[in-house]
Every structure is written in structure tokens, then in C-alpha cells.
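> With the sequence up front, the predicted model follows.
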Amino acid sequence: MTRIWILVAAAACVFAAASAIILQLMPGPLRPMDYFVAGAVATLLALLALFIITISTSSKAKNIFFVRRKKDE
């Protein structure tokens, strides 16, 4: 259960950092659509980071996306 909370905290930190960086890079004055775009991009980055961390830490197999099938004779 602790691992789940660590992953959630890491995703939240990535989201906060990404949204802060994006908002700093956008020229002002900011409109509501700018905040929407910044939140959408930050969400995308947070979910991507969560996916990569989950796949890299929980997988013990070498190829998680490909499974070798037995050949039919």
C-alpha cells in the first residue's frame, strides 16, 4: 500500500512542477484557455511519468509488452 502512495505523490509532484514551469514559460497576460492548456499538458506528463515508473519498477519480466507464444506443430 505504501508503494501506491509513493507513486501518487510522485505523479502529483510531476504535475505541480510541470504546470508551474509551463505557466512561467507562457507570455502574459494569461487567459482561461492558457490555464486549461497548461493543466492538460501537465496531466499528460504526470500520467506518462506514472506509466513509466510503474512499468519500470513492477515488471520482473524483460519484455512486458510482448509474450512469446509456443509454436503450433
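Thanks, I have the structure now.
> Which elements pack onto the lengthiest helix in the chain?
The residue-count maximum for a helix in the chain (DSSP state H) belongs to helix 32-58. Counting contacts by 3 or more Cβ pairs under 8 Å, 6 or more residues apart in numbering; DSSP states H and E, helix 32-58 is packed against helix 2-25. Using the backbone N, CA and C atoms, a C-beta is placed for each residue, glycine as well.
> Return the list of helices and strands in contact with the helix it packs on.
Contact here means 3+ Cβ pairs under 8 Å, 6+ apart; on that basis helix 2-25 packs against helix 32-58.
> Next, the angle from the helix it packs on to helix 2-25.
Helix 32-58 and helix 2-25 are oriented at 150 degrees to each other (axes from the mean of the first three to the mean of the last three Cα atoms, to 10 degrees).
> Counting neighbours, which bits of the longest helix of the chain end up buried?
38, 42, 45-46, 49-50 (16 or more other Cβ atoms under 10 Å).
> For this protein, give me the ranges with low pLDDT.
Along the chain, segments meeting pLDDT under 70 span 59-62, 73.
> change it to 50
Scanning the chain for pLDDT under 50 picks out nothing.
> Contacts for stretch 8-26, please.
The contact list for stretch 8-26 (Cβ atoms under 8 Å, 6 or more residues apart in numbering) reads 30, 34-35, 37-39, 41-43, 45-47, 49-50, 53.
> now with 7 Å?
Contacts of stretch 8-26 with the rest of the structure, by Cβ atoms under 7 Å, 6 or more residues apart in numbering, involve 34, 38-39, 41-43, 45-46, 49-50, 53.
> which of the residues you listed sit farthest apart?
Among the contacts of stretch 8-26, the pair separated by the greatest distance (Cβ to Cβ) is 34 and 53, at 28.5 Å.
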